[in-house]
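Asker: Build me a structure from this.
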Amino acid sequence: MTTKKTAAEKTTAEKPAKKAATKKAAPAGKAAVGPATAEAAPARKTAAKKAAAKKTAPAKKATPTKATPTKTSATKTSTATKTSAAKKATAAKKATAKKASAKKSPAPKPPGFAKRESRAAMVKRAHAINEVLAETYPYAHPELDFEDPFQLLVATVLSAQTTDLRVNQTTPALFAKYPTPEDMAAAVPEELEELIRPTGFFRAKARSLLGLSAALRDDFDGEVPATVDALVKLPGVGRKTAFVVLGNAFGVPGITVDTHFGRLARRWKWTTSEDPVKVESDVAAIFEPSEWTMLSHRVIFHGRRICHSRRPACGACPVAPLCPSYGEGETDPEKAKKLLKYEKGGMPGQRLKPPADFPGPPAPPLGG
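Answerer: Next up, the predicted model:
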């Protein structure tokens, strides 16, 4: 009986054993925990450092945040500077544009000229211009040297595409060798060409001179005819040449429409045509025939001396108050004076033998 234990007793005896085992295991558990805890300590420190770094990171980011206003301020300053420079550049461009437009704008019309005028007003103004020209050029004359109708005819043919001065410098030797139509008709072409070479287009001009000289010899007994119809039938002779000869060698009224006359007639609104025959007709309807020859001389004189093709001397022009085209040229009086030619500019005229009342010195001979 004594050796057998009941199940209850066994259970009671196992309980202290289990407790003792638990107590013994506890230190082992503590010992196991201890090193883990020790190893975890550096990890915790590292984690703490990382946490501290994370906390300090915003502080580091704060530095550029503080610098941001500085950059923004600099950007604003730069933008303001660029805007100011752009405004200055725009203002400079506008000022330049204003200056350019001021230069391009036409000069104001002088008093006495109406922009729109009737036919009667234009005719009245045209006669006023002729009166001014008559006062300005009382000595107006043909600017070709000649002693008879044949010499004037030859000189006028040679004057195409060159100056009267060049013709006047060339004809003395020409007329010394060929004084009559008969002499010139018998000339050797090469010798004639060499004499008139300085006038340009000498081969074509030589053919014209040989042809007209032969026609005068054969058809008109060596005399220059005194009608337009007869003259224009001669080789190299047109209406302009015919009227030069008729007006100055025979006293027959005529309008000489050369490049100067046509240009001024258009500038003064006497005509709008480029055709010399139409210009002649338009101007002839404005003036009496008795005025035609001298009007031609005056207008041509004015075109050569003051109202030039490229740079008219508007500031020195006596016709300015009556000119619809005033302002096309130089309007400053002092600058305009420098553009004047021949006797108006203090220089010789185009004739080697000018008339007695000519105010300027004679032109020099060829090579002089």
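
Asker: List the contacts of H302.
Answerer: 133, 136-137, 260, 264, 319 (C-beta atoms under 8 Å, 6 or more residues apart in numbering). (Glycine included, C-beta is placed from N, CA and C.)

Asker: Excluding residues flanking it in the chain, which one is nearest V228?
Answerer: Once flanking residues are discounted, V228 sits nearest to A242: 5.0 Å by C-beta to C-beta, 6 or more residues apart in numbering.

Asker: what about the one you found, distance to T163?
Answerer: From A242 across to T163, the span is 21 Å (C-beta to C-beta, to the nearest Å).

Asker: Surely Y342 is in contact with G360?
Answerer: Yes: Y342 lies in contact with G360 (C-beta atoms under 8 Å); the separation is 6.4 Å.

Asker: what is in contact with these two at once?
Answerer: Contacts common to Y342 and G360, judged by C-beta under 8 Å, 6+ apart, are 348-349.

Asker: returning to what we had before: ok, the contacts of H302 vs T171, which is closest?
Answerer: Closest approach between the contacts of H302 and T171, by C-beta to C-beta: H260, at 20.9 Å.

Asker: Give the burial count for the closest residue to P276 other than its chain neighbours, as a bare number.
Answerer: Nearest residue to P276, sequence neighbours excluded (C-beta to C-beta, 6+ apart): V257, at 4.2 Å. Close neighbours of V257, defined as other C-beta atoms under 10 Å, add up to 26.

Asker: ok, V257 - contacts?
Answerer: By C-beta under 8 Å, 6+ apart, the neighbours of V257 are 239-240, 265, 276-277, 279-280, 283.

Asker: Could you work out the most separated pair of the residues you listed?
Answerer: R239 and A265 (15.0 Å).

Asker: Would you mind telling me which of the two has more residues around it?
Answerer: A265 (23 against 17).

Asker: sec struct for G251, please.
Answerer: Judged by DSSP: H, G, I helix; E, B strand; the rest coil, the three-state class of G251 is coil.

Asker: And it, how close does it get to P149?
Answerer: 11 Å.

Asker: before we move on, back to that, right, and out of the contacts of V257, which lies closest to R311?
Answerer: A265 (19.2 Å).

Asker: Which residue ranges of the stretch 101-250 of the chain form helices?
Answerer: Assigned by DSSP state H, counting those that start in this stretch, the stretch 101-250 of the chain shows helices spanning 119-136, 149-158, 164-177, 181-185, 189-196, 202-219, 228-231, 239-249.

Asker: Kindly calculate the angle that the last one makes with helix 202-219.
Answerer: In this case it means helix 239-249. Counting by axes from the mean of the first three to the mean of the last three C-alpha atoms, to 10 degrees, helix 239-249 lies at 60 degrees to helix 202-219.

Asker: buried ones in helix 239-249?
Answerer: The neighbour-count check on helix 239-249 (16 or more other C-beta atoms under 10 Å) flags 239-249 as buried.

Asker: Equivalent analysis for the shortest one, please.
Answerer: Along helix 228-231, the positions that meet the burial threshold by neighbour count (16+ other C-beta under 10 Å) are 228, 231.

Asker: Report all helices and strands that that helix contacts.
Answerer: Where contact means 3 or more C-beta pairs under 8 Å, 6 or more residues apart in numbering; DSSP states H and E, helix 228-231 is packed against helix 239-249.

Asker: And the last one, by the same measure?
Answerer: Counting contacts by 3+ C-beta pairs under 8 Å, 6+ apart, helix 239-249 packs against helix 149-158, helix 228-231, helix 276-284, helix 289-305.

Asker: Tabulate those helices (a markdown table), appending mean pLDDT and distance to H141.
Answerer: Formatted as a markdown table, those follow (pLDDT from 0 to 100; distance: least, C-beta to C-beta, whole Å):
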| stretch | mean pLDDT | distance to H141 |
| --- | --- | --- |
| helix 149-158 | 98 | 12 |
| helix 228-231 | 96 | 21 |
| helix 276-284 | 97 | 20 |
| helix 289-305 | 98 | 6 |
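
Asker: Out of the ones you listed, which one sits most buried?
Answerer: helix 149-158 (a mean of 24; mean count of other C-beta atoms under 10 Å).

Asker: No further queries at this time; thank you.
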